[in-house]
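[1] Here is a sequence with its predicted model. Questions after.
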Amino acid sequence: MNTLSNELVPALQVEFQKVRRTKTLWLTALAFLLATGIGGLFMYIMKDPERARQLGIIGAKAQVLGGTADWPSFFNLMFLLLSIGGLIIFGFIFVWIFGREYSDKTYYDMLSLPTSRVTIVIAKIITAAYWSMALILLVFVLMLGIGATLQLPGWSSATTMHGLVFLLGTGALTILTCIPFALIASVTRGYLPAVGGIFLVLVLGQIISQIGYGQYFPWNIPMMYSGAAQALSGKPAAPFGFVSYLLVALVGIISIVVTGAWWRYADQT
Amino acid sequence: MTTSIAIETKGLTKCFGDVVAVNDVSLHIRRGEIFGFLGLNGAGKTTTIRMLLGMIKPSAGSVSLLGTNVQPGQRAIWQRVGYMVETPHAYPDLTVRENLEIIRHLRQLNEADAVEKIITQMGLTQYADRTARVLSLGNAQRLGLAKALMHHPDLLLLDEPANGLDPAGIVEVRNLLRSLAENNGVTIFISSHILSEVARLATRIGVVHEGLLVKELDTKEISAQEEQRLVVDVRDIGAAQSALGKAGIRTSSNGKNSLAITDKPSIQNPGKIATLLVEAGCPPVRLIVEQGDLESYFLELVGTHSREETK
């Protein structure tokens, strides 16, 4: 354990340094900034129904998704955006952190070192999770700023805390379901198949939800947890509970173990 | 435990499906040696280096570096090994210094000035704050070498280290590697397809072709290949060999209807050979003193091997 921490700290420093200097960090922040801005715009439109009617479809859509312009609606809207956008953006973060080593061919430098390959994998996963969580906190801070500027009604510390917990919970569940994309990026030595995998699970999630088994498809669980699935379909969410959470946890844990084993044992040609 | 052998492979074999990339390669490289691993593109050099570095598992055989068997999970040995595989690559968004800092962290080096020292040693000072993206191939190569050398390894495994360097850079790297071997006792394993470059540096050369180690040469044998020889083309090679043999002149075949003579008196007096052959009734069609070169020898070697394989 001591050896792991002795290795993990430098490995984390390395991963953070790589992330800190990349444009991808700012691109993902920009994506979430835009998503939160769009959420704020919806709230702005809904605050004034007359303006909403004038805007036609956009206004009507905002009504369907978010309901009224208040803090709980703003949070609900952001849960929805985070559930879908989170899978895409967080998934891309995992793909990028692992896939870039292969596309830049820098993985050679990480294979025959005193630091174990498993430690490097763990450091990468922690970095991706930290990066994703930082984006969620960015969303939360932006929401507070936008909500306060719009003077949205319904603010209370309980609502805000509840919102933050659900944002973080949705984020954590999404992160666990994104780890398999790191494995795909490693096995396929690049980005494209793993990015394809992200969109595949999004499509599959919709199909599986329609046939009533959404609670058994791990990539649907963050959406169901946040209430976004219900908002999207307009129907009551399918019941989900321990088994669903277990499936998400298993996807995350198994992916970490298999990714670590793959880096350790597979031929790195 | 110390051992006089730095690299030992026994029956090292790697198959990718039906393709045998490396076939039963056994190497014994002593400490302090500079071993040149030569072969054409696709001969199995990089696959061998990756097996030495534990990046790919052998289909058969074993690898031992500095007395330690290389296997998955083995880590301590890498503290003593530096390497550069294929064309060097670096994180394009990071500077030269930051790229080296990454390796310093992963190698768990406590020496805070290790990065600055290697930057100076490799002549990268003026590029230290430039991103790796804008480096020339030569400077990227220096960066790759800097990463391999930063932790003062006992064993260096380098894949085409002179690739992309200008002539001055090649001499500089050659001198650096020679100095590391001679003064610090570092064992160096260099793979290359440029025989002349390796020949100037290596104390021993292994020629690999189609996955097989076809020949090993030491310094003396390498020098011998660079000596002059008298090449005699004749119509009747049997009669010519017989006539020269009777005169006590040793010949070797130099292809169809061509003989090579390496003894110095004959090279200094080719007229005597011509006279002998004319008197024997098999006058030479062509008679020329050639400067031996390793490239020709190498091509001949791998060509001969391919022909034997075909038979």
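    It's in.
[2] Which parts of the stretch 51-200 of chain A are helices?
    Taking DSSP state H, counting those that start in this stretch to define them, one finds helices in the stretch 51-200 of chain A at A:57-66, A:71-103, A:117-150, A:157-188, A:192-210.
[3] out of those, which comes closest to residue A:19?
    Closest approach to residue A:19 among the helices of the stretch 51-200 of chain A (CB to CB): helix A:117-150, 6.0 Å. C-beta: built from backbone N, CA, C; applies to glycine.
[4] where's the closest one relative to the chain centroid, distance-wise?
    With CA atoms, centre = their mean, to the nearest Å as the basis, helix A:117-150 stands 9 Å off its chain's centre.
[5] related to what we said a few turns ago, so can I have CSV of the helices of the stretch 51-200 of chain A showing mean pLDDT and mean neighbour count?
    CSV is the format used below for the helices of the stretch 51-200 of chain A (pLDDT from 0 to 100; neighbours: other CB atoms under 10 Å in any protein chain shown):
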stretch, mean pLDDT, mean neighbour count
helix A:57-66, 50, 16
helix A:71-103, 91, 24
helix A:117-150, 95, 19
helix A:157-188, 94, 20
helix A:192-210, 93, 16
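[6] right, so of those helices, which gets closest to residue B:143?
    Comparing these against residue B:143 with CB to CB, the closest turns out to be helix A:71-103 (16.8 Å).
[7] relative to helix A:157-188, how tilted is that closest one?
    Relative orientation of helix A:71-103 versus helix A:157-188 (axes from the mean of the first three to the mean of the last three CA atoms, to 10 degrees): 20 degrees.
[8] which other helices and strands contact helix A:71-103?
    Here helix A:71-103 touches helix A:23-47, helix A:57-66, helix A:117-150, helix A:157-188, helix A:192-210, helix A:221-226, helix A:228-233, going by 3 or more CB pairs under 8 Å, 6 or more residues apart in numbering or on different chains; DSSP states H and E.
[9] same thing but at 6 Å, please
    Using 3 or more CB pairs under 6 Å, 6 or more residues apart in numbering or on different chains; DSSP states H and E, the elements in contact with helix A:71-103 are helix A:23-47, helix A:117-150, helix A:157-188, helix A:192-210, helix A:221-226, helix A:228-233.
[10] out of the helices of the stretch 51-200 of chain A, which comes closest to residue B:168?
    Across these, residue B:168 has its closest neighbour in helix A:71-103 (32.3 Å, CB to CB).
[11] mind checking which of the helices of the stretch 51-200 of chain A is nearest residue B:276?
    Nearest to residue B:276 among these is helix A:71-103; the distance by CB to CB comes to 65.2 Å.
[12] distance between that closest one and the chain's centre?
    Relative to the mean C-alpha coordinate of its chain, helix A:71-103 is positioned 3 Å out (CA atoms, centre = their mean).
[13] Over to stretch B:190-200?
    Stretch B:190-200 sits 4 Å away from the centroid of its parent chain (CA atoms, centre = their mean).
[14] any idea of the mean pLDDT for that stretch?
    Per-region confidence: stretch B:190-200 scores 83 on mean pLDDT.
[15] ditto for stretch B:150-163
    Across stretch B:150-163, the average pLDDT comes to 91.
[16] what sits up against it?
    Contact partners of stretch B:150-163, identified using CB atoms under 6 Å, 6 or more residues apart in numbering or on different chains, comprise B:6, B:46, B:49, B:52, B:66, B:80-86, B:107, B:109, B:114, B:118, B:170, B:173, B:186-192, B:197.
[17] And what about the nearest residue in space to residue A:117 that is not next to it in sequence, helix, strand or coil?
    Excluding the flanking residues, the one nearest residue A:117 by CB to CB, 6 or more residues apart in numbering or on different chains is residue A:263, at 4.2 Å. Three-state assignment for residue A:263 (DSSP: H, G, I helix; E, B strand; the rest coil): helix.
[18] can you tell me how far residue A:263 sits from residue A:257?
    In this view, residue A:263 and residue A:257 are 11 Å apart by CB to CB, to the nearest Å.
[19] Going by how many neighbours each has, rank these two and give me the top one.
    More neighbours surround residue A:263 than the other of residue A:263 and residue A:257, with 23 against 13 (other CB atoms under 10 Å in any protein chain shown).
[20] helix/strand/coil for the closest residue to residue B:64 other than its chain neighbours?
    Residue nearest to residue B:64 in three dimensions, not counting chain neighbours: residue B:8, with 4.4 Å by CB to CB, 6+ apart. Under three-state DSSP, the three-state class of residue B:8 is strand.
[21] Tell me the bridge partners for residue B:8.
    Residue B:8 has these beta-bridge partners by DSSP bridges: residue B:28, residue B:64.
[22] hang on, the earlier thing: give me the buried subset of the contacts of stretch B:150-163.
    For the contacts of stretch B:150-163, a burial check counting by 16 or more other CB atoms under 10 Å in any protein chain shown picks out B:6, B:46, B:49, B:52, B:66, B:80-85, B:107, B:109, B:114, B:118, B:170, B:173, B:186-192, B:197.
[23] Show me the residue at the heart of chain B, geometrically.
    For chain B, the residue nearest the mean C-alpha position is residue B:36 (2.6 Å; CA atoms, centre = their mean).
[24] Need the residues that contact the helix or strand harbouring that residue.
    Residue B:36 is part of strand B:34-38 when elements are defined by DSSP states H and E. The contact list for strand B:34-38 (CB under 6 Å, 6+ apart) reads B:29, B:45, B:181, B:188-191, B:195, B:198, B:201-207.
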